[in-house]
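Participant: Sequence first, then the predicted structure:
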Amino acid sequence: MAHWPARGAARRIRLAVALASGLIGASATVQAAGPADVATLDLRTWGEPLDTSAGFDRASRAALLVYASTLHGLPQRDEAQLLTHLRIKRLNHASLAQWQDGERARVWRNYQLASADCRAGDWSCVGPVGDFALLGEAAQRALAGLGEELAAWRGQLTAFSQAYLTEQMRLAALFPTVSSEIATFGSHEWSGDERDDRQFFLTFDDGPGAHTEATRAMLAQHGKTATFFVLGENLQARLRAQGAEALTRLYAGQCVASHGWEHRSHARWDDWQASVLTTRSLLHSALPQSTILPLFRPPYGQRTADSGAFFAAQGIQVALWNLDSQDWQRALGADAIGTRMLALMLIKRRGVLLFHDVHGKARDALPGVFAALGEAVSWPDCRELAVRH
Ligand SMILES: [Zn+2]
């Protein structure tokens, strides 16, 4: 049985909350709505395998109890306190409230799904709960009764939940003035929350880049496929430098889609439609043998609220994500990326993972994630990413 991390012998370690902080600096200029604090943790304190359905569900229930307890117990903050807490200048109360309602519903649903095989005597099974508020209260009672052996795990996951909730609330409070993956503008858009339980998709943005070839090789070695959202200008540069055959080999067995021509906000760019159309033309002319999906992922998740008619007319889906690795953050290494994603997968239980193949961290982190999860989750073929749910 594979434990997390598969290569580590230690199953119990000291409390080591690794909340990266002070990351806003230079990174904020490239990721307009990026968080100031990124949620990471060390899941070895859990100490139980995740690579069976039962193991995954038990870890998922436990993680959801901590997350639900944190969400339920969020302090009441007035506007000034919220602005300071989220480090923003304006906030959209309606958007924030809508996200919180949706997140409560998702957490309640996910806990029901994770409880299908619950047995008597398992502390992570708090019984049928009729709504999110009841789940939050039951979670707080269950966690209060935990022994010393899970104190470190609980402390870490609580800090993780607080930091992650802050990340998400910040995006929700900025929406739609700053658009992002936090909400959709219509049925032509999706984030990954719509996928089936325990179904996950891999996506890599911003390439082709320095780590694309090694990332593809790693995926092939593990029998996995991913969708690469490429930038038109990067694809054109690679085509000119290496030719069409090399480009076809680069994405062999994988799926390719559009990230636009340049890495610019498609919400604040007069030529955004030309960016989408030109990139699509180049994809089809440069990669005629490859699997090209009719998807567009806006850089930073930024697109205009009224872009739906254009995308519908072009037969293009706007492909967002719901599991953000934050792998572009300089302070986060491959281990932090892997554990962050694992924790989010336990909480979200489905969806679309966002990485970047212009960095090498996902290539290093994903083998450990695959090993830790074993057969407990499914990684459908990348072509299914374009199948509507
Ligand atoms: Zn990008």
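Facilitator: Received the coordinates, thanks. Everything quoted here is computed from the prediction, not taken from an experiment.

Participant: who are the neighbours in contact with the closest residue to the ion within the chain?
Facilitator: Closest approach between the chain and the ion, counting by Cβ to the ion: Asp205, at 4.0 Å. C-betas here are computed from N, CA, C, even on glycine. Counting by Cβ atoms under 8 Å, 6 or more residues apart in numbering, Asp205 touches 228-229, 259, 297, 354-357.

Participant: change it to 7 Å
Facilitator: 229, 259, 297, 354, 356 (Cβ atoms under 7 Å, 6 or more residues apart in numbering).

Participant: quick one: pLDDT of it?
Facilitator: In the prediction, the pLDDT value recorded for Asp205 is 98.

Participant: Excluding covalently adjacent residues, which one is nearest to it?
Facilitator: In this structure, Asp205 finds its nearest non-sequential neighbour in Phe229, 4.6 Å apart by Cβ to Cβ, 6 or more residues apart in numbering.

Participant: Go ahead and confirm the one you found touches Phe296.
Facilitator: No: counting by Cβ atoms under 7 Å, Phe229 stays clear of Phe296, with 8.2 Å between them.

Participant: Compare neighbour counts for these two and give me the winner.
Facilitator: Phe229 (28 against 25; other Cβ atoms under 10 Å).

Participant: hey, what's the most centrally placed residue in the chain bridged with?
Facilitator: Taking Cα atoms, centre = their mean, the centroid of the chain lies closest to Leu323, which sits 0.9 Å from it. For Leu323, the beta-bridge partners are Leu353 (DSSP bridges).

Participant: follow-up on the earlier one: how far does the host helix or strand of the residue nearest to Asp205 sit from its chain's centre?
Facilitator: Here Phe229, judged by DSSP states H and E, is contained in strand 226-230. On the basis of Cα atoms, centre = their mean, to the nearest Å, strand 226-230 is displaced by 15 Å from the centre of the chain it belongs to.

Participant: Sheet partners, orientation included, of that strand?
Facilitator: Strand 226-230 has these strand partners (DSSP bridges): strand 200-205 (parallel), strand 255-258 (parallel).

Participant: and the ones you listed as a markdown table, adding distance to Ala386?
Facilitator: Shown next, in a markdown table, are those (distance: least, Cβ to Cβ, whole Å):
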| stretch | distance to Ala386 |
| --- | --- |
| strand 200-205 | 10 |
| strand 255-258 | 8 |
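
Participant: residue contacts, the residue nearest to the centre of the chain?
Facilitator: Counted by Cβ under 7 Å, 6+ apart, Leu323 has contacts 192, 341, 344-345, 348, 351-354.

Participant: Can you turn the buried subset of those residues into a selection I can paste into PyMOL?
Facilitator: A single PyMOL command selects the buried members of the contacts of Leu323 (16 or more other Cβ atoms under 10 Å):
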select buried, resi 192+341+344+345+348+351+352+353+354
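
Participant: From Tyr111, how far out is Gly55?
Facilitator: 17 Å (Cβ to Cβ, to the nearest Å).

Participant: Tell me which of the two has more neighbours.
Facilitator: Tyr111 (25 against 20).

Participant: Look at Arg14 and report its pLDDT.
Facilitator: Looking at Arg14, its pLDDT stands at 23.

Participant: still on that earlier bit, name the residues contacting each of Phe229 and Phe296.
Facilitator: Ser258.

Participant: Quick one: name the residues of the stretch 251-389 of the chain near the ion.
Facilitator: Pro299 (Cβ under 5 Å from the ion).

Participant: ranges for the helices of the stretch 251-389 of the chain?
Facilitator: 272-286, 308-314, 334-348, 361-373 (DSSP state H, counting those that start in this stretch).

Participant: just checking, what's the longest helix in this structure?
Facilitator: helix 151-174 (DSSP state H).

Participant: what's downstream of that helix, the next helix or strand?
Facilitator: strand 189-190.

Participant: Distance from that next one to the middle of the chain?
Facilitator: 14 Å.

Participant: do the same with stretch 88-106
Facilitator: Here the centre of stretch 88-106 is set off from its chain's centre by 18 Å, with Cα atoms, centre = their mean.

Participant: What mean pLDDT does that stretch get?
Facilitator: pLDDT averaged over stretch 88-106 gives 97.

Participant: measure Arg104 to Arg170 for me?
Facilitator: Distance, Arg104 to Arg170, using Cβ to Cβ: 18 Å.

Participant: These two - which one has more neighbours?
Facilitator: Under the criterion of other Cβ under 10 Å, the comparison of Arg104 against Arg170 puts Arg170 first, with 25 against 18.

Participant: you'd agree the more buried one is up against His85?
Facilitator: No: contact criterion Cβ under 7 Å: Arg170 and His85 do not qualify, at 8.8 Å.

Participant: Next, count neighbours for Ala371.
Facilitator: By the criterion of other Cβ under 10 Å, Ala371 has 17 neighbours.

Participant: now do Pro294
Facilitator: There are 14 residues near Pro294, going by other Cβ under 10 Å.

Participant: likewise Asp196?
Facilitator: 12.

Participant: what's the answer for Phe311, then?
Facilitator: For Phe311, the neighbour count with other Cβ under 10 Å is 20.

Participant: Go ahead and confirm it touches Gly186.
Facilitator: No: at 8.7 Å, Phe311 does not count as touching Gly186 under the criterion of Cβ under 7 Å.

Participant: Low-confidence regions, the stretch 251-389 of the chain specifically.
Facilitator: 389 (pLDDT under 70).

Participant: re earlier: now distance to Ser60 too, for the helices of the stretch 251-389 of the chain, in TSV please.
Facilitator: Output for the helices of the stretch 251-389 of the chain, formatted as TSV (distance: least, Cβ to Cβ, whole Å):
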stretch	distance to Ser60
helix 272-286	37
helix 308-314	34
helix 334-348	5
helix 361-373	11
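
Participant: List just the nearest of the contacts of Leu323 to Ser161.
Facilitator: For Ser161, the nearest member of the contacts of Leu323 is Leu344. The distance, counting by Cβ to Cβ, is 10.6 Å.

Participant: What's the separation between the nearest residue to that closest one once chain neighbours are set aside and Thr158?
Facilitator: Distances taken as Cβ to Cβ, 6+ apart put Leu323 closest to Leu344, at 5.0 Å, once the chain neighbours are dropped. Applying Cβ to Cβ, the value for Leu323 to Thr158 is 20 Å.
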